[in-house]
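from the sequence below, what's the structure:
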Amino acid sequence: MFSSAAVNAQTALPEITLSITAHKLTAEVASTDDTRTTGLMHRRMMPENRGMLFVFTNTQPLSFWMMNTYIPLSIAFVDEQGIIVNIDDMKPLTTDPHPSTKPAKYALEMNKGWFAKRGIKAGARIDGLKDAPPPK
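Numbers count the residues shown, from 1 in each chain. Here you go, the predicted model:
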């Protein structure tokens, strides 16, 4: 019973406000090895205009998968200047790799279609990243 409760418990993560063009969102920040590894696993829903920002120590090629993740997501890979390098849609409960097309320092996961619905594409700038806790 304890282990089941532990799996379902949501650790409170820091949150920041980001904006992309005229669109504002609230992002939980995953900036440690543990929080980046867990990400949005085991969650069943995410409210509109909320997401998760993954912050890495170095700019590097990144790749994500959807193991134990039930929510269909879109991911934006973002360079150190806050420019989106590519966006990819990810299918739940798969181990298909979703790589960045260029080295990235951040990844922003939102509900699937969030970026497309707002006309946000590679080349757009994300403002507010400087407010994210530093990676550990």
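
just checking, what packs against the longest strand that the chain contains?
Looking across the chain with DSSP state E, the single longest strand is strand 50-60. If you count contacts as 3 or more Cβ pairs under 8 Å, 6 or more residues apart in numbering; DSSP states H and E, strand 50-60 packs onto strand 23-30, strand 104-111. Backbone N, C-alpha and C define where each C-beta goes, glycine included.

can you say which of those is packed in most?
strand 104-111 (a mean of 23; mean count of other Cβ atoms under 10 Å).

report the angle between that one and strand 23-30.
Here the directions of strand 104-111 and strand 23-30 differ by 110 degrees (axes from the mean of the first three to the mean of the last three Cα atoms, to 10 degrees).

what does strand 104-111 contact?
18, 25, 27, 39-40, 46, 48, 50-56, 58-62, 64, 71-80, 82, 85, 100, 126, 129, 132 (Cβ atoms under 8 Å, 6 or more residues apart in numbering).

strand partners (parallel or antiparallel) of that strand?
With DSSP bridges as the test, strand 104-111 is paired with strand 50-60 (antiparallel), strand 73-78 (antiparallel).

reformat the helices and strands packed on strand 50-60 as TSV; add mean pLDDT and distance to Lys136.
Shown next, in TSV, are the helices and strands packed on strand 50-60 (pLDDT from 0 to 100; distance: least, Cβ to Cβ, whole Å):
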stretch	mean pLDDT	distance to Lys136
strand 23-30	98	11
strand 104-111	98	14
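
can you redo these as a markdown table with distance to Ala122?
Shown next, in a markdown table, are those (distance: least, Cβ to Cβ, whole Å):
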| stretch | distance to Ala122 |
| --- | --- |
| strand 23-30 | 16 |
| strand 104-111 | 11 |
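
returning to that earlier point: most tightly packed of the strands paired with strand 104-111?
Per residue and on average, the most neighbours among those fall to strand 73-78, with a mean of 26 (mean count of other Cβ under 10 Å).
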